[in-house]
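**Q** the following comprises the amino acid sequence and a computationally predicted model.
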Amino acid sequence: MSLPSQTVALLQAARDLVKTLPADAVLVLTETAIDWDEVGRLLVGCRLFVAAENPALTKPLRDHPDWTVIDLDPEPRPTQERMNDALLKAVSEEMLQPGSHVVALYNGIATLEDAPEPVDSLSVIHLGEHLERMTSQDLRVLGTSVPLDVLRAVVELATEIGREGREGQPIGTILVVGDTKKVLGLSRFQNFNPFRGYTRAERDIRDREVREQIKEIAKLDGALLIGRDGIAEAACLHLGARADGLNLRKGFGSRHAAAAGISKHTNAIAFAVSQSSGSVRVFQKGEEVLHIEPLARPHVWQPFRLETQEEPDGEAGDDAS
Ligand SMILES: Nc1ncnc2c1ncn2[C@@H]1O[C@H](COP(=O)(O)OP(=O)(O)OP(=O)(O)O)[C@@H](O)[C@H]1O
């Protein structure tokens, strides 16, 4: 199996970029089977990462000394999401440093619907610009009370909410994890609890499909509450813990104060997703312990407007990208 000439040219360009920029690694995000020996030869000298939805595609590389395989969830998702997931995973599992520069090769121009397509695009990604400290070590500090796999799932959910919003609109929320009884005792429902009547499996946030459903619920006003076992317990909560005596940064409003407050008065960890910036701040014992920037916010296409046209009311500066 030989490589198409376009793929060869892209791989050569990737290797040149790694040398001249310099960059730390090449990430190949593939949808189709590739001649890995040839790819390895063209990228000789580079640190190599590969990610694919279909594990069969990366199987030959699993025990290969030159390649690091990043496992992605198997269901089909847009390229940007898969790339973000792969990079987040590489950083959180300490395969890559948060400040790394990565040359990514992927299929960015889909022409066939629902069919795998070859690599046609190259991007240089500076992780430091998008992603602040998030290593397993950081998560382990929090993990004293909540297991690491639950924390990872919460981080993924929070960063995806911050990055994607809903229906083109940015959304903010608070995800409170752990100490559920005490949190409920200090809070009140602003609306009915949308999780009522669902089984534990249907509320387990370690399941990607459940996380997708929860993103819909996150649109509703109020905080979400998740048990330390990863089971979502409540939503639409107004967190009532007092926020006085907190040492909060300037610019934080009531959402961040509520997240910090509940973490001070309980053993829960609170993840505040900012509606205005998409960033995720993690509070424990009333202090901000972790700050995660989403890798990218989706571009929101604005209606075409001539420069001489006046801006409709309320739209000025309303750019969520
Ligand atoms: N006690 C609370 N419990 C749950 N949610 C709250 C609480 N207080 C505020 N919020 C949420 O925060 C929103 C207001 O956010 P505000 O802009 O004041 O905060 P912020 O910290 O600046 O956050 P953002 O960066 O998202 O704007 C409210 O509409 C509500 O959804």
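**A** Sure thing, it's come through.
**Q** just the strands in this protein please.
**A** 25-29, 48-52, 67-71, 101-106, 121-126, 173-177, 187-189, 223-226, 232-239, 269-273, 280-284, 287-292 (DSSP state E).
**Q** each with direction, which strands does the last one pair with?
**A** The pairing partners recorded for strand 287-292 under DSSP bridges are strand 280-284 (antiparallel).
**Q** circling back: could you redo the strands of the chain as a markdown table and give each row distance to the ligand and mean pLDDT?
**A** To be clear about C-beta, it is placed using only N, CA and C from the backbone, and glycine gets the same treatment. A markdown table is the format used below for the strands of the chain (distance: least, CB to the nearest ligand atom, whole Å; pLDDT from 0 to 100):
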| stretch | distance to the ligand | mean pLDDT |
| --- | --- | --- |
| strand 25-29 | 31 | 96 |
| strand 48-52 | 31 | 95 |
| strand 67-71 | 31 | 93 |
| strand 101-106 | 29 | 94 |
| strand 121-126 | 24 | 90 |
| strand 173-177 | 6 | 97 |
| strand 187-189 | 7 | 96 |
| strand 223-226 | 4 | 98 |
| strand 232-239 | 4 | 97 |
| strand 269-273 | 7 | 96 |
| strand 280-284 | 9 | 90 |
| strand 287-292 | 12 | 82 |
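**Q** separation between the closest residue in space to residue 30 that isn't next to it in sequence and residue 29?
**A** The shortest distance from residue 30 to any residue other than its chain neighbours is 5.1 Å, reached at residue 52 (CB to CB, 6 or more residues apart in numbering). Distance check for residue 52 against residue 29: by CB to CB, to the nearest Å, it reads 7 Å.
**Q** residue 95 too?
**A** Separation of residue 95 from residue 29 (CB to CB) stands at 15 Å.
**Q** got it, and residue 123?
**A** Distance from residue 123 to residue 29, by CB to CB: 10 Å.
**Q** which of these two has more neighbours?
**A** Using other CB atoms under 10 Å as the criterion, residue 123 and residue 29 rank with residue 29 on top: 24 against 13.
**Q** contacting residues for that one?
**A** Neighbour list for residue 29: 50-52, 79, 82-83, 86, 104-107, 119 [criterion: CB atoms under 8 Å, 6 or more residues apart in numbering].
**Q** which residue is the nearest non-sequential neighbour of it?
**A** In space, and not counting its chain neighbours, residue 29 is closest to residue 106: 4.0 Å by CB to CB, 6+ apart.
**Q** surely that neighbour meets residue 121?
**A** Yes. If you go by CB atoms under 8 Å, residue 106 and residue 121 touch, sitting 5.6 Å apart.
**Q** who's more crowded, those two?
**A** Neighbours were counted for residue 106 and for residue 121 using other CB under 10 Å; residue 106 has more, 23 against 13.
**Q** which residues touch the more buried one?
**A** Residue 106 touches 28-30, 79, 83, 119, 121, 123, counting by CB under 8 Å, 6+ apart.
**Q** all the helices of the protein, residue numbers only.
**A** Counting by DSSP state H, the segments of the chain that form helices are 5-20, 36-42, 55-58, 79-92, 127-130, 136-142, 148-164, 180-185, 208-217, 254-265.
**Q** closest to residue 195 out of these?
**A** The closest of the helices of the chain to residue 195 is helix 208-217. By CB to CB, the value is 7.9 Å.
**Q** rounded mean pLDDT for the closest one, please.
**A** Mean pLDDT, computed over helix 208-217, is 94.
**Q** quick one: it to strand 232-239, angle?
**A** 20 degrees (axes from the mean of the first three to the mean of the last three CA atoms, to 10 degrees).
**Q** buried residues, helix 208-217. List them.
**A** Across helix 208-217, burial judged by 16 or more other CB atoms under 10 Å covers 208, 210-211, 213-215.
**Q** low-confidence regions, the stretch 1-150 of the chain specifically.
**A** Scanning the stretch 1-150 of the chain for pLDDT under 70 picks out the ranges 1, 92, 98, 112-115, 128-144.
**Q** can we see that at 50?
**A** 130, 132-133 (pLDDT under 50).
**Q** now the residue in the stretch 51-200 of the chain that the ligand sits nearest to. Nearest residue, chain neighbours left out?
**A** Proximity of the stretch 51-200 of the chain to the ligand (CB to the nearest ligand atom) peaks at residue 172, 3.2 Å away. Excluding its sequence neighbours, the residue lying closest to residue 172 (CB to CB, 6+ apart) is residue 275, at 2.9 Å.
**Q** got the phi and psi for that neighbour?
**A** When read as degrees, to the nearest 10, the backbone of residue 275 gives phi -70, psi -30.
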